[in-house]
Every structure is written in C-alpha cells, then in structure tokens.
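K.L.:
requesting a structural model of the entry that follows:
(4 chains)
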Protein chains: 2
Amino acid sequence: MTVETGGVDQGRLFELLWGAPTAPRRGPRPTLTLAAIARAGITIADADGLDGLTMQRVAESLDVTKMALYRYVPGRAELVALMLETAIGEPPPPPAGADWRGQLDDWTRQLFDRFRRHPWAHAATVGPRLPGPHELAWLERVVAALAGTGLTGAEQLDVAVLLVGHARNLAQHAAPDDAPHAGREAGFGMLIRGREDRFPALDAALRDTDPEATDAALDFGLARILDGIEALITARSTRRS
Amino acid sequence: MTVETGGVDQGRLFELLWGAPTAPRRGPRPTLTLAAIARAGITIADADGLDGLTMQRVAESLDVTKMALYRYVPGRAELVALMLETAIGEPPPPPAGADWRGQLDDWTRQLFDRFRRHPWAHAATVGPRLPGPHELAWLERVVAALAGTGLTGAEQLDVAVLLVGHARNLAQHAAPDDAPHAGREAGFGMLIRGREDRFPALDAALRDTDPEATDAALDFGLARILDGIEALITARSTRRS
DNA sequence: GATACTCTGTATCCGAGGGACACAGTTTAG
DNA sequence: CTAAACTGTGTCCCTCGGATACAGAGTATC
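P.N.:
Now for the predicted structure:
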C-alpha cells in the first residue's frame, strides 16, 4: 500500500528529499543529477512561473527526452518539491552577536529574499507538504534563537509560523526588482476612483499616501511582529522575577 | 490591444468582477447565471480542490455542455477569480461598540474562517491579481477601523496586508474541522526522530509541546500583531501630546 | 574474457483538460 | 414578417503528464 496525497507519492517524495544520494553500481552511468534537474527547473520557473514549467521544457534544457526525467523524479509534483528545497537552500548563519530579535529580523529578511527571487515558491508551498531538510533547518534557526526567552516550545513554533507567513506573504506582494515600481496607486487606486463613496476610508488612506514612497510593508509588519513578541517575552520575564 | 497577464484577460476579468450585471435583450434567455456558475465551481473546489475543478465537471453539475460556460466566463482562470469573490463574500459588519483592536481581531478571525472553509482560496490568491468588490470591501473595513488612530494611510494599508497574510497563512496550516487533529507531532515530529543532532532546538521545542494541546497559532500570532500595532499607536499618541 | 543481469535513455501511445470555431435554434427589434 | 443578435451544442485541436515496452550500456559472476 502506498500512501498518496494529491497525486504525490509520499514515500517516494520522502526518499527524494531525505534519502541518501543512492548510487547503484550496475548499468550505464546516469547522465543527469538531481541537482542539475532541480536547477534547470528553477531557471525555467523563475522565468515563466510554475505554469511555464513543463517536463518537456526541463528535458529540452538538459538535452534529454522528457521521459528520461522520470528516471530521477517520480513526477512533476515531486520535481517542484525538489526545486523548492534547492531554491530555499541552506539557512544563512545567524548574525554574530545578535540577540533573539536581531536574529529573527535577519532571518525573516533572508527568507523574504529567497522567496522574492523565486516567485513560484509561494505557489509551491500551498497546502500541507512534506518539508525537506533545508526547510527544517530554517525552522531550527528560529527555535534556536528563541531558546531561553521563556517562550514555550509551542509558542516558539508559533513564532516561526508567523514569521514564515510574513516573509512569504510579502514576497508575493513585492514586485520583482526589475519592475518599474508599480506602487499601490496602480494596484487598486484606479479601482477606487469613481467609487469613493463605497470605499471612503481606502480613498482617504490612498490620498494620504505618497505614491513615490517605497513600499515598506515588510519592515512595518516585521517591526510590529517583533514588538509584539518582545512585549510577551518581557512580560514573562518580569512576572517570573 | 488587450492586456494579458498569465493567460488572464484583464479587461474581461474587470467587467466580470466589477461590471454591472449586463442584460442584453435580444436572443434566447440565458439558462445560467454567473452566481450559479460560481456556486457550482465552489462546491466542486471545496470538495476536490482546484485540481478537481474542471470545466467539464462544472458544466455537468449544471446540466450543460462544457462550452456553454464560455458564454458567461472567459476561461478557467477568470472562473476561479469569480469563485473567490463569491466565496469570500461581503465582509461582516464590525462588532458594535468595539475599538480598533476589537474590530481588527474579529475581522481577522472572520477572514480566517472564510479561507478555512475554502482551502482552494489560498492557491487562488497567489500572485498579483485584480481584486474584486468584496475583496476591497474587506480592506475598507480594516482601514476604516484604523482611522483616527494616528497611523498614516500607508501604515493602515500595511496593517491590512499583515492581517490578511496571517489569516490566510493560518487557514492553510489549520486542518479542516473533520480531520482528526493531525497535530504538529505527526507533521514533522517523525522527521526529527533519529535526527535530533541536526535539529536540537526543534527537538526540544517538540518535547516541550503537549501533543494533545489545541493548535493556537492563529490566536498567538494575532495577539502578537495586535500588541505590536497597539504599541505603535500608543507611542504615536503620547509623543504628540 | 564470455555471459547474464540491471540500469539508462528513448520512442510510442494514451487520456485528460482547456479552449477555438462553426452551426443551429431561439428570441426580440423594427 | 424578417433580420439581427444571442444561446447552447458538437466537433476539432493542442498541450501536457505519465505508462509501457524496448534497445543499448555497463557491471558482476563464472
């Protein structure tokens, strides 16, 4: 019996992400590697999104037939999971000498950067998934930074969920570097024009906003979140002493 | 010239979401309505996800041919956008007599509920989109709640982004009601077992966590965020006075 | 070294799904 | 009553993921 979820074979995915690089000795030597396939897929998805990612295109960019890929990867869904692991990569080392807040601040921005560099990563992380080693390593960093702050284990994990969500959410909102700063005005400013009576508060908020100002939603949200966490940690420590 | 983005005709999508219910007078009367189509799609997607949503199935559930749908909806992508607008629905009225914090707290939980009832909604909201009237109405509520708190227009919008992200993010993590409480342990506890040396902090956090405890990530994150916002508002008002 | 076994890449085929297009029937404007 | 406009349908095509069978390449065993 093989456990399947949404067309993804969990067992095969597990050994793909977590298994040791198996090297059978019989037969012709493989022309490809998992890493090369993942890189090729990432390049394509970076350029044209997940919709542009077809087995055919990946195979072409590696000069093999489409079906050759299935010798390495069970299917498209598993390929995307592998691409995600590769694109997220190892977590960066925590900044030297930083306290928990400095560590989490840096951590969130770094994760944001990775997500922004690979816009398809957001779509690749919807729904329950089997996390890869890199993904868990990122989580580990958050929890490690919070060790000794007085938060419970569950709370430390909740913080991680909160920060991952913020980084991922804002990477989606953020325009890629090359885009000519679309701004909020272009976003829904034009929708509100002519409907100021239905959206008076939005209209006022947009009027109050300098259309040339840089989008600071990442910093703003991150600062609020960290302030909130800090308040909790402080309350805990003062109550205990 | 028609502007296209990712296979979605923006112009046609705009009139689909924002246009007045057009009623041409010539020819046979339509057998379907946009609302009925959207409801049918929602029912299917609720049950089988966006992957299970095919034009064929939607048509069958309405007793028409697949191609009949294209008389109402430009294509699948636009159908999903319409389904999203319908599924999100009108924002609930703000709780009577609540301050900004009470309003935002309630608002976030309500939005969370809508997302959780329609798991496909997360996937339907990735990437830049054209928001519908309902979506803007939800945003309007947040900004309206924050009017007079001393936050700038941009900051009010940043708060909205932050709260939407949290609600949406946690609706994804949250298991549907009928699921037998998978818990974090089942999630990656088994992955850490045997690798405690690579993930010591995660291991400690999981050991510290009662596996029977209910998942409080929504409340935790929301409380932190609102605490952070409150701190900012307080700082602003005290500085000005 | 010959042989059998196994692994790799390929060629071919299939089904599902989105959508274009032309047509026939229906309803209303003039 | 006729022409125009609109609706639903049948048919066709293309793209894509994936199953299967096969031919060649390389290795272990005798």
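K.L.:
which residues of chain A lie near DNA strand D?
P.N.:
With CB under 7 Å from any atom of the strand as the criterion, chain A comes near DNA strand D at residues A:7, A:25-29, A:53-56, A:66-67, A:70, A:75-77. Yep, even glycine has a C-beta here, placed from its N, CA and C like the rest.
K.L.:
looking at the residues you listed, which are in helices?
P.N.:
Per DSSP state H, helices hold the following members of the residues of chain A next to DNA strand D: A:Met55, A:Gln56, A:Arg76, A:Ala77.
K.L.:
and of those residues, the nearest to chain B?
P.N.:
A:Ala77 (10.1 Å; CB to the nearest CB).
K.L.:
the closest one - how many residues pack around it?
P.N.:
Neighbour count of A:Ala77, defined by other CB atoms under 10 Å in any protein chain shown: 17.
K.L.:
so how far is DNA strand C from it?
P.N.:
Look at A:Ala77 and DNA strand C: by CB to the nearest atom of the strand, to the nearest Å, they are 15 Å apart.
K.L.:
can you pull the pLDDT of that residue?
P.N.:
pLDDT, A:Ala77: 97.
K.L.:
least trustworthy helix or strand in chain A by mean pLDDT?
P.N.:
Lowest on mean pLDDT, DSSP states H and E among the helices and strands of chain A sits strand A:4-5, with a mean of 46.
K.L.:
what is the mean pLDDT for the helix or strand hosting A:Ala40?
P.N.:
Element membership of A:Ala40, judged by DSSP states H and E, is helix A:34-48. The pLDDT scores in helix A:34-48 average 98.
K.L.:
in that helix, what's buried?
P.N.:
Using 16 or more other CB atoms under 10 Å in any protein chain shown as the burial criterion, the residues of helix A:34-48 that qualify are A:Leu34, A:Ile37, A:Ala38, A:Arg39, A:Ala40, A:Gly41, A:Ile42, A:Ile44, A:Ala45, A:Asp46.
K.L.:
who are the packing partners of it?
P.N.:
helix A:55-61, helix A:76-88 (3 or more CB pairs under 8 Å, 6 or more residues apart in numbering or on different chains; DSSP states H and E).
K.L.:
how about those in CSV, adding distance to B:Arg195?
P.N.:
Shown next, in CSV, are the helices and strands packed on helix A:34-48 (distance: least, CB to CB, whole Å):
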stretch, distance to B:Arg195
helix A:55-61, 30
helix A:76-88, 16
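K.L.:
out of these, which one sits most buried?
P.N.:
Comparing these by mean neighbour count (mean count of other CB atoms under 10 Å in any protein chain shown), helix A:76-88 comes out on top with a mean of 21.
K.L.:
before we move on, back to that, the helix holding A:Ala40 and DNA strand C in contact?
P.N.:
No. Helix A:34-48 stays clear of DNA strand C (CB under 7 Å from any atom of the strand), getting no nearer than 10.0 Å.
K.L.:
using PDB, write out every CA atom in that helix.
P.N.:
Taking C-alpha atoms only, helix A:34-48 is exported to PDB below (Å, rounded to 0.1, in the frame of the first residue of the first chain):
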ATOM      1  CA  LEU A  34      19.000  15.500  -9.200                       C
ATOM      2  CA  ALA A  35      20.700  18.800  -8.500                       C
ATOM      3  CA  ALA A  36      21.100  19.600 -12.200                       C
ATOM      4  CA  ILE A  37      17.500  18.800 -12.900                       C
ATOM      5  CA  ALA A  38      16.400  21.000 -10.000                       C
ATOM      6  CA  ARG A  39      18.500  23.800 -11.200                       C
ATOM      7  CA  ALA A  40      17.100  23.500 -14.700                       C
ATOM      8  CA  GLY A  41      13.600  23.600 -13.300                       C
ATOM      9  CA  ILE A  42      14.300  26.600 -11.100                       C
ATOM     10  CA  THR A  43      15.600  28.500 -14.100                       C
ATOM     11  CA  ILE A  44      12.500  27.900 -16.100                       C
ATOM     12  CA  ALA A  45      10.100  28.600 -13.200                       C
ATOM     13  CA  ASP A  46      12.000  31.800 -12.300                       C
ATOM     14  CA  ALA A  47      11.400  33.000 -15.900                       C
ATOM     15  CA  ASP A  48       8.000  31.800 -16.700                       C
END
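K.L.:
who in chain A is up against DNA strand C?
P.N.:
A:24, A:26-32, A:64-65, A:67-68, A:70-72.
K.L.:
could you turn the buried ones of these into a ChimeraX selection?
P.N.:
In ChimeraX syntax, the buried subset of those is picked out as below (16+ other CB under 10 Å):
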select /A:32,64,68,72
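K.L.:
out of the residues of chain A next to DNA strand C, which are close to chain B?
P.N.:
Contacts with chain B within the residues of chain A next to DNA strand C, as defined by CB under 8 Å from any CB of the partner chain: none are present.
K.L.:
mind picking the two most distant members of the residues of chain A next to DNA strand C?
P.N.:
The span of these, defined through CB to CB, is set by A:Arg26 and A:Thr65 at 21.9 Å.
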